[in-house]
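Participant: compute the structure for the input listed below.
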Amino acid sequence: MRICRNTSEWIARTTNPPPQASKPRSGSACHASFPTRNHRMTDTDDSKQRQREILRLRLAAMDQGRLSAGSDAIVRTLEGVLRERPGGGVLGFHPLAGEPDIRPLLEQAIASGRTVCLPEVDWDRRTMAPARLNGLDQVREGRHGVVEPLPGEPIDIEDISVVLVPGLGFDDQGRRLGRGGGFYDRFLAACPHHVLPVGIGFREQLMERIETGPTDIPLPMIITDAGIIMPGSSTMGRS
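Facilitator: From the prediction side, this is the model:
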């Protein structure tokens with residue numbers, strides 16, 4: 001991959017809408033899996049499950065020092081990305097065990113006056129929506145260990161500029177492997193074109209190729225502790 005030295009190279013790429021797939025018609029937290037889509041298992045589903053098993057083993061092998069160092073590096077890179085996109089709200093996530101801890105970034109953004117949200121999940125409808133995060137102490141743990149904000153004031157998706165997307169695995173073409181529920185894919189498929197989705201993970205979560213299906217949404221940017229990956233340009237940057 002070609003190495004760039006700052007976060008500014010991706011600006012021109014993110015002025016165009018990210019690639020989107022066609023919309024569908026209809027234990028410990030580290031190993032949490034969400035309710036899967038209701039369909040018959042396919043070879044792709046089997047491949048995804050095998051990849052999830054591999055990635056969970058990789059994450060389980062990371063000690064707390066590695067998780068903390070990797071999270072700090074990711075937060076530093078994200079700070080630069082958000083500086084380049086100062087307008088609009090940020091939809092973040094409260095990390096499950098084994099996910100990058102981006103809470104310091106969310107705390108900084110709240111302190112600066114920026115609108116910060118966490119996903120509020122409707123498990124029955126299998127959807128998620130942005131809800132305002134007023135502070136890291138104003139949250140509750142919901143189903144499957146997913147932490148949601150209190151009191152859960154809804155924020156219009158049009159007011160969101162950046163969506164930080166966790167996952168179990170990623171590749172350098174923007175493919176993402178989630179936990180099997182399809183919540184982020186459905187949400188991103190409905191996002192307006194100005195929204196920048198950014199995959200967030202450790203370098204250990206990168207694979208040569210992630211298995212995907214027709215409803216999986218590719219990401220225009222992925223940030224790991226190794227730097228920034230901009231799919232489609234074979235470019236990796238370091239902030």
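Participant: count of neighbours near residue 215?
Facilitator: Look at residue 215: counted by other Cβ atoms under 10 Å, it has 16 neighbours. C-betas here are computed from N, CA, C, even on glycine.
Participant: name the helix or strand for it, please.
Facilitator: Counting by DSSP states H and E, there is no helix or strand that carries residue 215.
Participant: tell me the pLDDT of it.
Facilitator: pLDDT recorded at residue 215 is 92.
Participant: gap between it and residue 198?
Facilitator: 20 Å (Cβ to Cβ, to the nearest Å).
Participant: and for residue 169?
Facilitator: 15 Å.
Participant: residue 213 and residue 47 touch, don't they?
Facilitator: No. In this structure residue 213 lies outside contact range of residue 47 using Cβ atoms under 8 Å: 10.0 Å.
Participant: so where is this structure shaky, pLDDT-wise?
Facilitator: Flagging of the chain using pLDDT under 70 yields the residue ranges 1-42, 233-239.
Participant: now do the strands in it.
Facilitator: Here the chain has its strands, by DSSP state E, at 2-4, 89-91, 116-122, 127-132, 139-141, 147-149, 160-165, 169-170, 176-177, 196-200, 221-224, 227-230, 235-237.
Participant: the ones you listed: which one's closest to residue 183?
Facilitator: With Cβ to Cβ as the criterion, residue 183 lies closest to strand 127-132 of the strands of the chain, at 4.9 Å.
Participant: could you pull out the buried residues of the closest one?
Facilitator: Neighbour-count burial for strand 127-132 flags 128, 129, 130, 131, 132 (criterion: 16 or more other Cβ atoms under 10 Å).
Participant: now do residue 63: how many residues are near it, please.
Facilitator: Residue 63: 7 surrounding residues under other Cβ under 10 Å.
Participant: ok, now residue 206?
Facilitator: There are 18 residues near residue 206, going by other Cβ under 10 Å.
Participant: can you give me the end-to-end distance of stretch 110-129?
Facilitator: 19 Å (Cα to Cα, to the nearest Å).
Participant: for the residue most central in space within the chain, list each beta-bridge partner.
Facilitator: In the chain, the centroid-proximal residue (Cα atoms, centre = their mean) is residue 165; its distance is 1.0 Å. Under DSSP bridges, the beta-bridge partners of residue 165 are residue 199.
Participant: quick check: it touching residue 188?
Facilitator: Yes. Between residue 165 and residue 188 there is a contact under Cβ under 8 Å: 7.4 Å.
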